[in-house]
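**Student:** Got a predicted structure here, sequence first:
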Amino acid sequence: MATFSRELLRSLAQPAFQESLFTAAKSLGALPARRDLANVMSRGQSAIANDNAGELSKVAGELASMGYSEEAQKFALASRKAQQRSSRSEVSKELMQAISGRQPISADLESRLLDADFTPQDIISAKNQQRTGIKEEGKEALTAMISIKGFDIDKNPKDRKSFLQEASFYKLTPKEAREIYDGAKSDLKRGSSEASKNITIYNEKTNQNEEYIVYRDDQGVVQKDFIGIAERDAEDPRDTGFSTATGLKLIDRALTDAQTGAQKTSGLRQIVQEAEDLAGLPGGALGKARDFLVKDVAGLGDAYSAFRTDLNKLQMQSAIALLPRGPASDRDVFLALSASRNLNDYSADERLSILRGMLKIQEAEQRYLEERRAYISRTRDPVAIGYEEYTQAVGAEQQRVAFDQDYSAQVRKLKDLIALIPEDEQQAQQYLQVIRKKEKEFIDNGLLPASYMDLLEKEDQAMTTWNEVKTNNEIPISLP
């Protein structure tokens, strides 16, 4: 059975955990040796405020030796949680250093990430982020080499050797390097003498922005002349590389992705409309749809195949988190996610439901891409560090709120039961079993589509993870 953090349960029904510890001193003040006790409790309060795991452990030990076992257990639990937060923070910093410094994510680091409650998907995402960043830098470096007058890897073996060595350093395969070379050379051939422009490139070695003037000479060769060091924003002296060549490429890509997402949504909306027309239910309810085949709807086969492929992508999984009602409470979405490869295996009613579910998921992906572009703009971070965690937190909260609204009567009864959860950890877990049993009755009787308690736990975990990432990376925004 899933368990819940005490912070979540108390936020729903009980006083704050810190307050229960702070006020414990009052109820114990009249007991013998209360001066010593008051001193220990005061130290415990300071340790909680400072999230000091070591001091909390000492306080727990002293209280236990004084005979206050219940209070000692609370401080011991607080110590363990503080230690867990500290460990997660430290390993998060190490992960970010590995990503930014192009260092391999070692097996030892992976093990410690998993111990700190990171998921295998988190680690894969970090490696993909690192790999993408390295290759973008490599493309920029290779393009600069290609722009050198007379540089030719087909005619000059030395140029070819140095070019492939540079590509290897940035983890680019010979095939990828060749594609970059051919693309850049094609641009040079099309180029001609034109007006110059200024660009800013971030120099990692000096931690400075450097300005260059870039132009094409009469032969169409790109020339780049150094101007000087660019000034930083006085209000924000940190140089994040937001205006670097690589950063601008990432920003352009985010904008292009958002525009592509909107186009895919528009195209799928037309397909759904055509299917509804063929079924004799333009925008209407299901129930008596006229049969139609996939081949009868223009582009439906390709759209469905692409949709099924996209479902395996990390981006789509993150987008699904933004569905307002969530997959478990939306029949259309549920069918779209679980449908087989052959749509003709389903009735006309079911096919329409699957198509509408596809459209809802595509709309969620469009929102994901548009909000990612906005996130980059707000944080001034072209890599969008923390956006996945931000998305999960936003999605978990809105799905829980939607669940509250859709099933208010049942949720109210569950909340009333949650309010009665006792302070004692063991008793609380036993009481949670009672709540789970009541919730299962609701689900079995069709009064709830899924577990509300699971939604609460998911939201609690997502919020905790986002707050840690936000703090560790100094992300200057909050949840909407």
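**Tutor:** Done, it's in.
**Student:** who's in contact with residue 320?
**Tutor:** By CB atoms under 8 Å, 6 or more residues apart in numbering, residue 320 lies in contact with 327, 337, 361, 364. To be clear about C-beta, it is placed using only N, CA and C from the backbone, and glycine gets the same treatment.
**Student:** mind checking pLDDT for it?
**Tutor:** Residue 320 carries a pLDDT value of 85.
**Student:** just the one 10 residues further on next, same as before
**Tutor:** Turning to residue 330, the model gives it a pLDDT of 83.
**Student:** That one touches residue 323, doesn't it?
**Tutor:** Yes - proximity of residue 330 to residue 323 meets the contact threshold set by CB atoms under 8 Å, at 6.8 Å.
**Student:** Now the common contact residues for the two.
**Tutor:** residue 360.
**Student:** Show me which pair in the contacts of residue 320 is furthest apart.
**Tutor:** 337 and 364 (11.7 Å; CB to CB).
**Student:** Show me which residues of stretch 373-384 are buried.
**Tutor:** 373, 375-376, 379, 381-384 (16 or more other CB atoms under 10 Å).
**Student:** To clarify, my last question referred to stretch 260-278.
**Tutor:** 261, 264-265, 268, 271-272, 274-276, 278.
**Student:** related to what we said a few turns ago, between residue 337 and residue 364, tell me which one has more neighbours.
**Tutor:** Between residue 337 and residue 364, counted using other CB atoms under 10 Å, the more crowded position is residue 364 (22 against 15).
**Student:** Tell me who's in contact with that one.
**Tutor:** So residue 364 contacts 319-320, 322-323 (CB under 8 Å, 6+ apart).
**Student:** secondary structure element for it?
**Tutor:** Residue 364 is part of helix 348-379, with elements assigned from DSSP states H and E.
**Student:** go on, residue 399?
**Tutor:** Using DSSP H and E, the element containing residue 399 is helix 387-406.
**Student:** That helix - contacts with which helices or strands?
**Tutor:** helix 314-320, helix 348-379, helix 452-472 (3 or more CB pairs under 8 Å, 6 or more residues apart in numbering; DSSP states H and E).
**Student:** Repeat the analysis, applying 10 Å as the threshold.
**Tutor:** Using 3 or more CB pairs under 10 Å, 6 or more residues apart in numbering; DSSP states H and E as the contact test, the elements touching helix 387-406 are helix 120-146, helix 314-320, helix 348-379, helix 408-418, helix 452-472.
**Student:** average model confidence for the first one?
**Tutor:** Taken as a whole, helix 120-146 has an average pLDDT of 70.
**Student:** now swap in stretch 67-79 and tell me
**Tutor:** Averaging pLDDT along stretch 67-79 gives 82.
**Student:** Kindly report the same for stretch 386-404.
**Tutor:** 89.
**Student:** hmm, back to that, reformat the buried residues of stretch 260-278 as CSV; add pLDDT and distance to residue 422.
**Tutor:** Listed next are those as CSV, based on pLDDT from 0 to 100; distance: CB to CB, whole Å:
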residue, pLDDT, distance to residue 422
261, 86, 48
264, 88, 51
265, 89, 49
268, 90, 51
271, 89, 55
272, 89, 51
274, 88, 58
275, 87, 54
276, 85, 54
278, 85, 59
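**Student:** Would you format these as TSV with distance to residue 410 included?
**Tutor:** As requested, the buried residues of stretch 260-278 are exported to TSV (distance: CB to CB, whole Å):
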residue	distance to residue 410
261	35
264	37
265	33
268	34
271	37
272	32
274	39
275	35
276	33
278	39
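**Student:** Show me which helix runs longest in this structure.
**Tutor:** Of all segments of type helix in the chain, defined using DSSP state H, the longest is helix 245-278.
**Student:** what helices or strands is it leaning on?
**Tutor:** Here helix 245-278 is seen to pack against helix 120-146, strand 197-203, helix 300-310, helix 314-320, helix 348-379 when contacts are counted using 3+ CB pairs under 10 Å, 6+ apart.
**Student:** Show the model's pLDDT score for the nearest residue to residue 477 once chain neighbours are set aside.
**Tutor:** Leaving aside its sequence neighbours, residue 477 sits nearest to residue 378 (CB to CB, 6 or more residues apart in numbering; 5.2 Å). Per-residue confidence (pLDDT) for residue 378: 80.
**Student:** buried residues in stretch 462-480?
**Tutor:** Across stretch 462-480, burial judged by 16+ other CB under 10 Å covers 462-466, 468-470, 472-473, 475.
**Student:** mind giving me TSV with those residues and columns for pLDDT and distance to residue 315?
**Tutor:** Formatted as TSV, these follow (pLDDT from 0 to 100; distance: CB to CB, whole Å):
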residue	pLDDT	distance to residue 315
462	90	18
463	92	22
464	91	23
465	90	18
466	90	18
468	89	22
469	86	18
470	88	21
472	83	23
473	80	20
475	87	20
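**Student:** Closest to residue 146 out of those residues?
**Tutor:** Distances from residue 146 to the buried residues of stretch 462-480, taken by CB to CB, are shortest for residue 473, at 34.6 Å.
**Student:** show me what contacts the residue lying closest to residue 407 once chain neighbours are set aside?
**Tutor:** Closest residue to residue 407 apart from its sequence neighbours, by CB to CB, 6+ apart: residue 448 at 5.7 Å. Residues in contact with residue 448 (CB atoms under 10 Å, 6 or more residues apart in numbering) are 328-329, 403, 406-407, 410-411, 414, 439-442.
**Student:** in which helix or strand would I find residue 448?
**Tutor:** Under the criterion DSSP H and E, no helix or strand holds residue 448.
**Student:** With residue 408 as the reference, measure out to it.
**Tutor:** Noted for residue 448: a distance of 11 Å to residue 408, by CB to CB, to the nearest Å.
**Student:** same thing with residue 335?
**Tutor:** From residue 335 to residue 408 the distance is 26 Å (CB to CB).
**Student:** Residue 349 too?
**Tutor:** Residue 349 is 29 Å from residue 408, by CB to CB.
**Student:** likewise residue 270?
**Tutor:** Note on residue 270: its distance to residue 408, by CB to CB, is 36 Å.
**Student:** before we move on, what about residue 336?
**Tutor:** Distance, residue 336 to residue 408, using CB to CB: 27 Å.
**Student:** Those two - which one has more neighbours?
**Tutor:** Remark: of residue 336 and residue 408, residue 336 carries more neighbours, 24 against 10, as counted by other CB under 10 Å.
**Student:** which ones are touching the more buried one?
**Tutor:** Shown in contact with residue 336 (CB under 10 Å, 6+ apart): 304, 307-308, 311, 327, 330, 353-362.
**Student:** Where does it fall, secondary structure wise?
**Tutor:** For residue 336, the enclosing helix or strand under DSSP H and E is helix 331-338.
**Student:** picking up where we left off before, just the angle between the helix holding residue 364 and helix 387-406, please?
**Tutor:** Angle of helix 348-379 versus helix 387-406, following axes from the mean of the first three to the mean of the last three CA atoms, to 10 degrees, is 130 degrees.
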